[in-house]
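> no FASTA, just this:
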């Protein structure tokens, strides 16, 4: 397997493209001829980025979803569904940071709030020490653990109110940070 990357221009817009190339083994079998040595080539193309920034409308759509997720989390929290609430608090922060990245023309990838926050700091030239890094790292714990029983130990089986309350505060800190840095932009 090999990965090849190229920058291509389509209708005046540049895209970063990665292609995963895979050469299957030759068609040698004692009952099948080699077909003149032809080896099929298969590939997958992934568009990595585009050079045009997202519109303000797209930013608003992502922020609206972030706010919807934090409202959903609050309903779950009030219903004492602390694990799912923590997950939606994480989702809210993730989508808010992605909104800010899209607004600045980046194409975020992944679900780690801490990694996305790092990308946002680099993109906007923000000192990482001024960003809510600890909060982002704590929220990353709530992406998998509340949803999969094999992702937590027996001691962690049940989420409690305090853990979910901490996730709420962390998500609020991230949303406030995103609102601040996007207002400055």
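Perfect, thanks for sending it. These figures come from a predicted structure and were not determined experimentally.
> which residues touch the closest residue to residue 80 other than its chain neighbours?
What sits nearest to residue 80 in space, not counting adjacent residues and going by CB to CB, 6 or more residues apart in numbering, is residue 161, at 7.4 Å. Where C-beta positions appear, they are placed from N, C-alpha and C, glycine not excepted. Neighbouring residues of residue 161 by CB atoms under 8 Å, 6 or more residues apart in numbering: 77, 80, 82.
> show me what contacts residue 97?
Residue 97 neighbours (CB under 8 Å, 6+ apart): 108, 113, 116-117, 120, 174, 178.
> Looking at those residues, which two lie furthest apart in space?
108 and 174 (13.8 Å; CB to CB).
> which residue ranges form the strands in this structure?
With DSSP state E as the criterion, the chain has strands at 2-10, 13-22, 42-50.
> returning to what we had before: please say which of residue 108 and residue 174 ends up with more neighbours.
Counted by other CB atoms under 10 Å, residue 108 and residue 174 do not tie: residue 174 has more neighbours, with 27 against 19.
> isn't that one right next to residue 133, touching?
No. Taking contacts as CB atoms under 8 Å, residue 174 lies outside contact range of residue 133: 10.2 Å.
> what do the two both touch?
Common contacts of residue 174 and residue 133, defined by CB under 8 Å, 6+ apart, comprise residue 117.
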